[in-house]
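Participant: I'd like to go over a predicted model; first the sequence, then the structure.
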Amino acid sequence: MPGGGFVKLPNGSVVVALTLPRPPGDGYGTGYGDDGHVRVLVHAANRARALTRLRNLGMRAVYLRGNSQPPTLDEVTAVLHHPDGLLWRTVPDDVEELWHPIRALLKGA
């Protein structure tokens, strides 16, 4: 299930999407997501800076290998309209679940 990808935007910036294992103690308890993964979206000037943003938040083992799961248009829109440019949601996608700011995922870790 883990994977990711990116999209380069017309202004030169990128949106990176990664599917990662959910950190333990994220405050959402068991049963919130079925398989224990989250989809993380990052908007940054380039791929390296996107990954650096995640590593600076404590996600040290984050890598982007290939482009097998690039962000969808809905994901790009969501992250571009968020002031922090960093969002997450459980996987598989639940159409009723909204995107969460990254601090909501990391507050329990």
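Facilitator: Thanks, I have the structure now.
Participant: Report how many residues lie close to residue 20.
Facilitator: For residue 20, the count of nearby residues is 21 (other Cβ atoms under 10 Å). No exception for glycine: its C-beta is placed from N, CA and C like everyone else's.
Participant: Quick one: name whatever helix or strand follows the helix or strand harbouring it.
Facilitator: Applying DSSP states H and E as the criterion places residue 20 in strand 14-21. Downstream of strand 14-21, the next assigned helix or strand under DSSP H and E is strand 37-44.
Participant: which ones are touching the residue nearest the centre of the chain?
Facilitator: By Cα atoms, centre = their mean, the chain has its centre lying nearest to residue 40, at 0.8 Å. Applying Cβ atoms under 8 Å, 6 or more residues apart in numbering, we find residue 40 in contact with 17, 18, 19, 20, 54, 86, 87, 88, 102, 105.
Participant: and it, bridged to which residues?
Facilitator: residue 18, residue 88 (DSSP bridges).
Participant: quick one: it from residue 82, how far?
Facilitator: Counting by Cβ to Cβ, to the nearest Å, the separation of residue 40 from residue 82 is 12 Å.
Participant: ok, and the closest non-adjacent residue to residue 76?
Facilitator: Ranked by Cβ to Cβ, 6 or more residues apart in numbering and with sequence neighbours excluded, the top spatial neighbour of residue 76 is residue 15, at 4.9 Å.
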